[in-house]
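Student: here's my sequence, what's the structure:
(one chain, ligands or ions: 1)
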Amino acid sequence: MTTTTELRVATDGLTKRYGGRAAVDGVSLTVRAGEVYGFLGPNGAGKTTTLRMLVGLVRPTAGTATVLGRDPGDPSACARIGVLIEGPGFYPYLSGRDNLRVLCRYRGLSDAAAESALERVGLRARAHDRFRGYSLGMKQRLGVAAAMLGDPDLLILDEPTNGLDPAGVAEMRSLITDLAADGHTVLLSSHMLDEVQDTCDRVGVIVAGSLVAESTVSELRGGTTIVVRATPYPRALAVARDVAGANRVAATDTGIRVDADAGVAPRLVRALVGAGIEVFDVHSSERSLEEAFFDMTRGSDSTGDDPEVSR
Ligand SMILES: Nc1ncnc2c1ncn2[C@@H]1O[C@H](COP(=O)(O)OP(=O)(O)OP(=O)(O)O)[C@@H](O)[C@H]1O
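Tutor: Now for the predicted structure:
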C-alpha cells in the first residue's frame, strides 16, 4: 500500500479557470516516489497549466496540491525540485557550461554541480560552445541539465522531447530511464504515446482539463484479447460465452473477440472443438496504448484542431 510519505506529488480536485473556461478541471493525481509518471494528453488538454500549478507558477482556482509534502512554491520544496517547463531560458552568448554556472551561483551550488549535470546529459564535449550555436537537442539537454542541478528529488519535465529528431528523442528517453534507475522521481508531460509507453511506470491521461485515467501502461491498455474465427459462427459465439462469460465476448467483423488472457485460449479451443465447431484461427492481441488513448480522447479535442498525438 502506498502511504502519503511515498507520494512525491498529490493533487486533489486541482482546478484552474481562465475567464469562464476551465483549463484544468478537478484533477486528482498522485506521483509515487521513484517512478516515472507520464502526463499524457492532446494539445491544449491542460498539461502545462497543471505542471505550472505544481511548481507555484500559477495559482489554482480551486483544489489543492502537495509537492514533496509541501504547498506548491514552498521554497524548501522548490530547492528539491528540478523543473523544465516551456523551454529553458538561457543566455545565448554564454556557453552551456557558463549558463549552468550562473544558475549554480544563483542557487548556492558549486561549479562541480554544473560539471556533473553536463556529464549526465552528455554535453561535456560541447560545454564550452555558446548556447546560441546549440542544436535543438543540445538546448533541450542543457535544459534537463539545469533541472538536474543539485540532484533534486523530483524532476518535472514539460514535453522534454518537444522538437527533437528521432535520435534526440531516443537519447532523451534513455536519459530519463537512467535518471529513474538512479532513484529520481520524474513527472513528464507528453503527447507522444511511444515515449510514455516505453518510458513511464504509470500514466495519467488528461483530456479537456479532466483526468480521464490514471494507471500503469498495461492496465490502461486493458490487457489482452483473444480473437477466434470459427464456424458455425452463432454456435461458436455461444460456446465462447459459456467459457469466458457473456460480458467478455463480442461478435466483430474479424471474428469473435474474447477479452481474456491468452491463457484462456486452450480451454476455449477445447470447448469449441468438443462442440463440433471448426476453428480456423485463434490469436491473441494486446491493445496498443494508442488504441486505448484514442478510445479515451475521441471527440474531446480541446483545441478544436486534430489531436496531435503521434507515435
Ligand atoms: N494564461 C492563460 N490564459 C488563458 N487561457 C490559458 C492560459 N494558459 C493556458 N490557457 C488555456 O488552457 C488550456 C490548457 O492549456 P495548456 O497549455 O495547459 O495545455 P497543454 O496540455 O499543455 O497543451 P500543449 O500540449 O499544446 O502544450 C488551453 O485551452 C489554453 O489555451
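Student: alpha carbons only for contacts and neighbour counts from here, please
Tutor: Noted.
Student: quick check: residues of the stretch 1-150 of the chain near the ligand?
Tutor: Those residues of the stretch 1-150 of the chain that sit near the ligand, judged by C-alpha under 6 Å from any ligand atom, are 18, 23, 41-49.
Student: residue 64 in helix, strand or coil?
Tutor: Following DSSP: H, G, I helix; E, B strand; the rest coil, residue 64 is assigned to strand.
Student: list the beta-bridge partners for it.
Tutor: Beta-bridge partners of residue 64, counted by DSSP bridges, are residue 12.
Student: start to end distance for stretch 147-167?
Tutor: One end of stretch 147-167 to the other measures 21 Å (C-alpha to C-alpha, to the nearest Å).
Student: sorry, that was for stretch 149-160
Tutor: End to end - C-alpha to C-alpha - stretch 149-160 spans 16 Å.
Student: could you check which residue of the stretch 51-200 of the chain lies nearest the ligand?
Tutor: Relative to the ligand, the nearest point of the stretch 51-200 of the chain is residue 191 (6.4 Å; C-alpha to the nearest ligand atom).
Student: quick revisit: out of the residues of the stretch 1-150 of the chain next to the ligand, which sit inside helices?
Tutor: Among those, DSSP state H puts 47-49 in helices.
Student: assign the residue nearest the centre of the chain to helix, strand or coil.
Tutor: A centroid search over the chain (C-alpha atoms, centre = their mean) returns residue 38, at 1.7 Å, as the residue closest to the centre. Here residue 38 is recorded as strand under three-state DSSP.
Student: leaving out sequence neighbours, find the closest residue to it.
Tutor: Of all residues not flanking residue 38 in the chain, residue 203 sits nearest, at 4.6 Å (C-alpha to C-alpha, 6 or more residues apart in numbering).
Student: pLDDT (mean, whole number) over stretch 110-125?
Tutor: The average pLDDT within stretch 110-125 is 92.
Student: hang on, I meant stretch 256-265
Tutor: Stretch 256-265 comes out at a mean pLDDT of 85.
Student: could I get the buried residue list for it?
Tutor: 256-260, 262, 265 (16 or more other C-alpha atoms under 10 Å).
Student: angles on the backbone of the residue lying farthest from the centre of the chain, please.
Tutor: Here the centre of the chain is the reference, and by C-alpha atoms, centre = their mean the most remote residue is residue 276, at 47.3 Å. Here is the backbone geometry of residue 276 (degrees, to the nearest 10): phi 80, psi 20.
Student: so how far is residue 37 from residue 249?
Tutor: Distance from residue 249 to residue 37, by C-alpha to C-alpha: 33 Å.
Student: what about these two, which has more around it?
Tutor: A direct count of neighbours by other C-alpha atoms under 10 Å for residue 249 and residue 37 places residue 37 higher, at 26 against 22.
Student: three-state assignment of residue 264?
Tutor: Residue 264 - assigned by three-state DSSP - is helix.
Student: quick one, what contacts it?
Tutor: Shown in contact with residue 264 (C-alpha atoms under 8 Å, 6 or more residues apart in numbering): residue 244.
Student: what pLDDT does residue 89 get?
Tutor: On the pLDDT scale, residue 89 is placed at 82.
Student: name the SS class of it, please.
Tutor: Residue 89 - assigned by three-state DSSP - is coil.
Student: what does the domain assignment say about this protein?
Tutor: As recorded under automatic domain parsing, the domains making up the chain are 4-80+152-220, 224-286.
Student: give me whichever of those is most buried.
Tutor: domain 4-80+152-220 (a mean of 20; mean count of other C-alpha atoms under 10 Å).
Student: now the strands: where do they sit in the chain?
Tutor: 7-18, 21-27, 30-32, 36-40, 62-67, 81-84, 154-158, 185-190, 202-207, 210-216, 224-231, 249-252, 255-258, 278-286 (DSSP state E).
Student: tell me what angle the fourth one forms with strand 185-190.
Tutor: Between the direction of strand 36-40 and that of strand 185-190, the angle (axes from the mean of the first three to the mean of the last three C-alpha atoms, to 10 degrees) works out to 20 degrees.
Student: and strand 36-40, how far out from the chain's middle?
Tutor: 2 Å (C-alpha atoms, centre = their mean, to the nearest Å).
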